[in-house]
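Novice: Kindly generate the corresponding structure for this input.
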Amino acid sequence: MDRKDEGLHALGRTTRYATDYAPEVLETFDNKHPGNDYWVQFNCPEFTSLCPITGQPDFAEICIRYIPGAKMVESKSLKLYLFSFRNHGDFHEDCINIIMKDLVRLMQPKYIEVVGYFTPRGGISIYPFANFGQPGTKYAQLAEHRLMNYQMDGAPLRAK
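Specialist: Residues are numbered from 1 along each chain as shown. Predicted structure coming up:
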């Protein structure tokens, strides 16, 4: 199948890296199994952004998990999008919520969650979590359940 037929522009082409936050680089393709509920997970272990106050770099692993609807995010475009935060100044919690909201707007997943495992600065680690489920569906109930029962899976230290 020709990539042009799918509307993908980043995949298989010379990579151009945005120098600041660039949600416009995100691309989707059709989910070939929209009637199935299944999880897709992306891990970005080399995420960087800037502290909006000091301008110092912040480093994190970003984990995105979602149950797709009709559309799915193309992985190279997601990589370029996440890379675009490199010179973007926002707090950790803001970055995670921005990523989640951009992906919801882009592909309207049934359910999505985004977690940031930010490395310590000043002796404190921050692990923000944001999620969304389609309103009025079992996925909204899943979102509420996951949020109310959230535990930092994958976090280096866990409170018992």
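
Novice: got the contact list for H88?
Specialist: By C-beta atoms under 8 Å, 6 or more residues apart in numbering, the contact set of H88 is 20-21, 49-50, 95. In short, each C-beta sits where N, CA and C put it, glycine included.

Novice: Recalculate using a threshold of 10 Å.
Specialist: Neighbouring residues of H88 by C-beta atoms under 10 Å, 6 or more residues apart in numbering: 18-22, 48-50, 52, 94-95, 98.

Novice: ok, it to K71 distance?
Specialist: Remark: distance between H88 and K71 (C-beta to C-beta, to the nearest Å) = 25 Å.

Novice: Check I98 too.
Specialist: Here I98 is placed at a distance of 19 Å from K71 (C-beta to C-beta).

Novice: Break down the protein into its helices, ranges please.
Specialist: 3-6, 75-83, 92-107, 138-148 (DSSP state H).

Novice: ok and the longest one relative to helix 75-83, angle-wise?
Specialist: Which is helix 92-107. Calculated by axes from the mean of the first three to the mean of the last three C-alpha atoms, to 10 degrees, helix 92-107 forms an angle of 150 degrees with helix 75-83.
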